[in-house]
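S.K.: 3D model of this:
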Amino acid sequence: MFKIYKLGEFGDFNIETIISLRNSIDFHPVYQRYGGIWSKEKKQLFIDTILNDYDTPKFYFNYFSDSSNPLNSSNKIYAIVDGKQRLEAIFDFLADKFPLSQEFRFYDNENLQLKNLKYSEIAEKHPFILSKFYNYNLDIILIDTDDEDKLEELFLRLNGGEALTNAEKRNAIGGEFNRKVREIVETHNFFTNKLRFNNPRYQYQDLFIKLALTELNDELVSFKNNILYDFIKDNKSFDSNISNVFTKVENNLNEFKECFKDKDPLLSSKGVLPVFYFFYTRHLPENEMFYSFLIEFEEIRKENRKKESSQANPVLVEYDRLNQQGVHLEKSLRLRYKVIEKTFNHFKRFGSLADIQIEEVPNYEDDENIST
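M.R.: Residues are numbered from 1 along each chain as shown. Predicted coordinates for the structure are as follows:
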């Protein structure tokens with residue numbers, strides 16, 4: 001089943017109506033981006049568009065005409081497919097989370113000074129303007145379907161011109177796989193407390209999927225987009241094998257997280273985390289020793305960057321380069337793993353990295369290229 005309706009066929013659908021239906025809308029279906037992506041300026045421009053009667057793009061809602069629809073995990077009537085950031089701008093404005101812009105002009109009466117006013121201030125000083133705001137009609141398209149693949153395709157087509165990240169496109173793949181990933185990253189302490197970076201565009205999901213792919217293969221492998229996409233697509237149904245992989249990653253993260261502080265600076269970049277994770281889970285170092293090693297490893301790399309190129313350690317230079325370029329390639333991941341492995345062995349033996357000599361840029365297939 002895949003039917004599309006214009007909500008206007010059932011009567012006008014204005015902002016006042018959308019407010020009344022807020023609790024009937026699922027803002028977080030699995031294919032959606034997280035909220036909070038729009039800047040204050042972009043939200044201000046959207047409210048300006050409404051108050052000055054400009055046209056706005058269509059909104060697309062999944063409409064659950066059948067309560068048994070398998071896509072309706074929230075038991076609500078609607079789920080937002082496209083237009084989430086615009087709806088959040090409306091509700092944030094109503095909640096006084098941002099004012100009108102410094103450049104705002106009300107074209108119906110440019111003598112009114114509305115610049116920098118919040119919703120509550122407009123309600124107090126110029127309530128008639130809010131009547132116009134509430135009566136602004138939204139162009140709503142309803143999709144009535146129980147076909148997850150078609151809904152996924154629609155979402156990607158609608159957002160094709162908005163530069164979705166690869167992680168967002170992968171998240172739009174339907175199925176139990178992505179639902180389980182989202183459940184884990186929203187509840188596991190490693191993601192909710194330990195990571196220093198935020199999750200506005202599915203970076204946490206992206207990281208977990210890479211760790212799961214590592215466990216599935218029992219080695220560091222390429223994280224190219226097509227490989228990650230196929231990994232999700234081929235396992236949408238989430239069979240017992242993938243379930244076991246997910247459980248293994250969760251259990252490993254329960255141990256791994258104990259190495260780190262909340263919002264730890266060592267966990268500021270996701271590119272190196274699969275390397276840290278793979279080393280830790282294969283060597284099981286003492287947590288305090290591993291943390292001390294990572295701190296000192298960061299310090300010797302910082303000092304190395306200050307040196308003239310002729311004096312800098314070429315392996316540490318190459319490690320830094322690979323943290324920036326080709327970060328998801330198999331060779332890059334394995335080479336950085338070898339650097340971590342060799343330097344940690346030196347640290348474990350001597351209690352410091354102060355005297356370590358790393359003389360050759362290593363080949364990840366050759367363990368002898370790094371001397372300790």
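
S.K.: Give me the buried positions along stretch 68-79.
M.R.: 69, 71-72, 76-79 (16 or more other Cβ atoms under 10 Å). All C-beta spots, glycine's among them, are computed from the backbone N, C-alpha and C.

S.K.: Repeat that for stretch 287-300.
M.R.: 290-291, 293-294, 296-297, 300.

S.K.: where along the stretch 101-250 of the chain do the strands fall?
M.R.: Along the stretch 101-250 of the chain, counting by DSSP state E, counting those that start in this stretch, strands occupy 140-145.

S.K.: Out of the buried residues of stretch 287-300, the closest to N137 would be?
M.R.: Using Cβ to Cβ, L294 comes nearest to N137 of the buried residues of stretch 287-300, at 56.0 Å.

S.K.: check contacts around the closest one.
M.R.: Neighbour list for L294: 266, 276 [criterion: Cβ atoms under 8 Å, 6 or more residues apart in numbering].

S.K.: State whether it is indeed within a helix.
M.R.: Yes: per DSSP: H, G, I helix; E, B strand; the rest coil, L294 lies within a helix segment.

S.K.: What is the distance between the lowest-mean-pLDDT helix or strand in the chain and the centre of its chain?
M.R.: Lowest on mean pLDDT, DSSP states H and E among the helices and strands of the chain sits helix 148-158, with a mean of 74. Mean-position distance between helix 148-158 and its chain equals 19 Å (Cα atoms, centre = their mean, to the nearest Å).

S.K.: ok, now stretch 333-343?
M.R.: Computed by Cα atoms, centre = their mean, the chain-centroid distance of stretch 333-343 equals 27 Å.

S.K.: sorry, back to before: where is pLDDT lowest across the buried residues of stretch 287-300?
M.R.: Within those, I300 has the lowest pLDDT, namely 92.

S.K.: pretty sure it is touching L316, no?
M.R.: Yes: between I300 and L316 a contact is recorded at 6.9 Å, counting by Cβ atoms under 8 Å.

S.K.: Over to W38: give its phi and psi.
M.R.: Taking degrees, to the nearest 10, you get phi -70, psi 140 for the backbone angles of W38.

S.K.: Skipping adjacent residues, who's closest to it in space?
M.R.: Nearest residue to W38 in three dimensions, chain neighbours excluded: Q85, at 4.6 Å (Cβ to Cβ, 6 or more residues apart in numbering).

S.K.: That neighbour sits in which helix or strand?
M.R.: helix 84-94 (DSSP states H and E).

S.K.: circling back to that earlier point, closest to L51 out of the buried residues of stretch 68-79?
M.R.: Y78 (25.1 Å).

S.K.: Okay, now the unreliable bits of the chain?
M.R.: Filtered on pLDDT under 70, the chain yields the residue ranges 7-12, 31-36, 159-164, 200, 358-372.

S.K.: looking at it, which residue lies furthest from center?
M.R.: Distance from the C-alpha centroid of the chain peaks at N111, with 43.5 Å (Cα atoms, centre = their mean).

S.K.: And that one, how far from K302?
M.R.: 58 Å (Cβ to Cβ, to the nearest Å).

S.K.: Repeat that for D320.
M.R.: Counting by Cβ to Cβ - D320 and K302 are separated by 10 Å.

S.K.: now L21
M.R.: Distance from L21 to K302, by Cβ to Cβ: 53 Å.

S.K.: out of the two, which sits in the busier spot?
M.R.: L21 (14 against 11; other Cβ atoms under 10 Å).

S.K.: ok, for the more buried one, nearest residue in space, not its chain neighbours?
M.R.: That would be Y78: by Cβ to Cβ, 6+ apart, it lies 7.1 Å from L21.

S.K.: residues touching the one you found, list them.
M.R.: Counting by Cβ under 8 Å, 6+ apart, Y78 touches 21, 24-26, 61-64, 142.

S.K.: now with 6 Å?
M.R.: 24-25, 61, 63 (Cβ atoms under 6 Å, 6 or more residues apart in numbering).

S.K.: Restricted to buried residues, select those residues in PyMOL.
M.R.: Restricted to buried positions by 16+ other Cβ under 10 Å, the PyMOL selection for these reads:
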select buried, resi 25+61+63
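
S.K.: Now tabulate the contacts of Y78 in CSV and tack on secondary structure and distance to E215.
M.R.: CSV is the format used below for the contacts of Y78 (DSSP: H, G, I helix; E, B strand; the rest coil; distance: Cβ to Cβ, whole Å):
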residue, secondary structure, distance to E215
S24, helix, 40
I25, strand, 36
F61, strand, 37
Y63, strand, 39
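
S.K.: from the contacts of Y78, which single one is nearest R349?
M.R.: Of all these, R349 sits closest to I25, with 59.3 Å by Cβ to Cβ.

S.K.: Look up how far Y134 lies from that closest one.
M.R.: Note on I25: its distance to Y134, by Cβ to Cβ, is 17 Å.

S.K.: now H283
M.R.: 61 Å.

S.K.: With A172 instead?
M.R.: 33 Å.

S.K.: When those two are compared, which one has more neighbours?
M.R.: When A172 and Y134 are compared for neighbours, A172 comes out ahead with 23 against 14, by other Cβ under 10 Å.

S.K.: mind exporting stretch 38-48 as PDB, just the C-alpha atoms?
M.R.: Taking C-alpha atoms only, stretch 38-48 is exported to PDB below (Å, rounded to 0.1, in the frame of the first residue of the first chain):
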ATOM      1  CA  TRP A  38      19.100  24.400  12.200                       C
ATOM      2  CA  SER A  39      20.900  27.500  13.500                       C
ATOM      3  CA  LYS A  40      19.000  30.300  15.200                       C
ATOM      4  CA  GLU A  41      19.400  32.500  12.100                       C
ATOM      5  CA  LYS A  42      17.700  29.800   9.900                       C
ATOM      6  CA  LYS A  43      14.900  29.500  12.400                       C
ATOM      7  CA  GLN A  44      14.400  33.200  12.400                       C
ATOM      8  CA  LEU A  45      14.300  33.300   8.600                       C
ATOM      9  CA  PHE A  46      11.600  30.700   8.600                       C
ATOM     10  CA  ILE A  47       9.400  32.600  11.100                       C
ATOM     11  CA  ASP A  48      10.000  35.700   9.000                       C
END
